[in-house]
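In: Whatever this is, show me its structure:
(one chain, ligands or ions: 1)
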Amino acid sequence: MARINDHYLKLQAGYLFPEISRRINEFTSANPEAAVIRLGIGDVTEPLPPVILKAFHDGVDEQANSASFHGYGPEQGYQWLSEIIIDKAYKPLGVDLKASEVFISDGSKCDCANILDIFALDNVVAIGDPVYPVYNDTNVMVGRTGEADDKGYYQGIVYMPFTAENNFMPALPTEKVDIIYLCFPNNPTGTVASKTELKKWVDYALANDAIIFFDAAYEAFITEADIPHSIYEVEGAEKCAIEFRSFSKTAGFTGIRCALTVVPEALMGTTEAGEKYSFNQLWNRRQCTKFNGVSYPVQKAAAAVYSDEGWEQTKTIIDFYMENARIIREGLTAAGITCYGGVNAPYIWLQTPEGMSSWEFFDKLLNECHVVGTPGSGFGPSGEGYFRLSAFGNRKNVETAVERIKEKWGK
Ligand SMILES: *Cc1c(COP(=O)(O)O)cnc(C)c1O
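Out: You can find the predicted model right below:
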């Protein structure tokens with residue numbers, strides 16, 4: 001019989017979302033008349049705007065005749081898309097990239113998992129806590145860790161707590177690490193890093209020959225002028241950072257699938273023999289062997305996001321979500337609940353009132369307000385005592401949910 005990859009057995013059961021569904025089902029069976037509002041999801045809810053939809057349709061229509069038909073495209077994505085992204089999304093930040101440094105893909109989730117292919121297993125990895133679970137679990141799957149302890153921390157991984165006590169900005173690791181995962185604006189905490197704070201991480205990475213994996217999936221939701229959208233806004237980051245960006249949350253592409261990963265040509269690692277080698281070349285090799293590109297109509301739709309009209313329509317939807325975020329944040333704050341995030345990210349991370357645990361608050365919110373969110377402890381041990389509400393959703397539902405929470409806690 002073929003042997004399985006035993007590392008998968010170290011993974012803890014995907015417990016969070018099934019458990020949330022179980023508790024909602026139990027509640028709705030007992031209370032079929034209750035109008036439950038779900039603010040737990042990390043998925044967009046608004047449809048694609050017209051300009052992007054038209055580009056998508058046109059891309060499909062081009063496949064209908066031989067003159068405009070497209071077969072396999074470049075594994076790295078069409079150069080016209082990379083150039084549009086460089087021009088519209090990076091140049092305005094003062095960041096200069098070459099098309100050969102931008103790799104178009106079908107998602108940031110897969111890219112931040114697949115990137116581990118080009119790194120040796122003995123690299124020491126540092127991960128936030130609470131965290132987007134993909135960073136942790138993909139390291140377990142490739143065999144970089146031992147077993148999990150009873151808190152859920154895996155042997156061999158360095159965990160960096162993000163809590164109110166450290167202003168959601170952990171101290172630099174005291175031990176030497178080789179790979180650091182950073183996500184700003186952060187999921188789940190909704191908090192951001194200033195340029196000065198990012199510079200500390202870049203300086204650490206440069207001084208310690210470490211590489212930063214920078215997940216910028218939510219950069220389009222930044223509303224404050226001085227918050228960096230890209231790690232490459234920090235000097236020297238092109239020598240120590242890989243950046244992941246996605247059209248998923250930015251432009252409603254969660255079901256369409258398009259993302260990009262920037263691997264600068266200046267980014268070097270060492271071979272076993274101690275010679276320098278380019279990560280850009282390795283990633284290119286990896287993608288050419290294991291990936292066959294994103295579909296042509298999807299890339300046409302992605303290009304339309306950055307057309308003048310496309311960006312205006314995209315921005316209108318982002319502003320709509322961020323208005324939801326404001327309503328949630330201000331409503332909860334008025335009810336005496338301490339909230340973080342929600343200014344530069346579509347997530348509000350709240351401190352559970354009356355010292356409740358994350359799950360106790362989940363049950364109370366469901367039973368007494370008929371509102372669903374996500375228990376912070378589901379994102380890692382340091383998320384205990386916190387709770388995530390998402391700004392993705394319908395305005396009326398957001399307003400009603402906030403009214404119910406205010407009635408319950410606002411007195
Ligand atoms: C949603 C999300 C992504 C995007 O993933 P895709 O595969 O591009 O849809 C990446 N990182 C974080 C932290 C996210 O929440």
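In: Does the ligand have contacts with the lengthiest helix in the chain?
Out: Ranked by number of residues, the top helix in the chain under DSSP state H is helix 308-334. No - using C-beta under 6 Å from any ligand atom, helix 308-334 stays clear of the ligand, with a minimum separation of 13.2 Å. The way it works is simple: take the backbone N, C-alpha and C, and place the C-beta from them, glycine included.
In: For residue 202, give me phi and psi.
Out: For residue 202, the backbone dihedrals (degrees, to the nearest 10) come out as phi -60, psi -40.
In: Residues of the protein that sit close to the ligand?
Out: So the chain meets the ligand at 42, 107-109, 132, 183, 187, 215, 217, 246, 248-249, 254, 259 (C-beta under 6 Å from any ligand atom).
In: and residue 370, what does it touch?
Out: Residues in contact with residue 370 (C-beta atoms under 8 Å, 6 or more residues apart in numbering) are 31, 34, 35, 36, 37, 404.
In: Assess the claim that the second one and residue 24 are in contact.
Out: Looking back up the chat, that one is residue 34. No - contact criterion C-beta atoms under 8 Å: residue 34 and residue 24 do not qualify, at 10.3 Å.
In: Between the two, point out the one with more neighbours.
Out: Between residue 34 and residue 24, residue 24 has the larger neighbour count (other C-beta atoms under 10 Å), namely 16 against 13.
In: Could you say which helix or strand holds the more buried one?
Out: Per DSSP states H and E: residue 24 is located in helix 16-30.
In: Identify the spatial nearest neighbour of residue 163, chain neighbours not counted.
Out: residue 382 (5.4 Å; C-beta to C-beta, 6 or more residues apart in numbering).
In: Do I have it right that that neighbour meets residue 127?
Out: No - using C-beta under 8 Å, residue 382 is not in contact with residue 127; the gap is 11.3 Å.
In: which residues do those two both contact?
Out: residue 159.
In: Could you pull up phi and psi at residue 215?
Out: The phi/psi pair for residue 215 (degrees, to the nearest 10) reads phi -90, psi 110.
In: Likewise for residue 341?
Out: Per-residue torsions, residue 341: phi 70, psi -170 (degrees, to the nearest 10).
In: and the closest residue to it other than its chain neighbours, which of the three is it?
Out: Once flanking residues are discounted, residue 341 sits nearest to residue 190: 1.8 Å by C-beta to C-beta, 6+ apart. Following DSSP: H, G, I helix; E, B strand; the rest coil, we place residue 190 in the coil state.
In: what number of residues lie near residue 190?
Out: A count of nearby residues for residue 190, using other C-beta under 10 Å, gives 28.
In: Now do it against the ligand, distance only.
Out: 11 Å (C-beta to the nearest ligand atom, to the nearest Å).
In: what sits against that residue?
Out: Applying C-beta under 8 Å, 6+ apart, we find residue 190 in contact with 325, 340, 341, 342, 343, 344, 345, 346, 347, 348, 349, 388.
In: what kind of secondary structure is residue 126 in?
Out: Three-state call for residue 126 (three-state DSSP): strand.
In: Kindly state the beta-bridge partners for it.
Out: residue 158, residue 180 (DSSP bridges).
In: and the residue nearest to residue 163, backbone torsions?
Out: phi -70, psi 0.
In: And for it, the neighbour number?
Out: Here the count is done by other C-beta under 10 Å, and residue 382 has 23 residues near it.
In: Next one: it, what pLDDT does it get?
Out: pLDDT recorded at residue 382 is 97.
In: Which residue, other than its chain neighbours, is closest to residue 198?
Out: residue 234 (5.0 Å).
In: same check, this time on residue 276
Out: Nearest one to residue 276, counting by C-beta to C-beta, 6+ apart, is residue 268 at 4.7 Å.
In: Quick check: phi and psi at the one you found.
Out: Dihedral angles (degrees, to the nearest 10) for residue 268: phi -120, psi 150.
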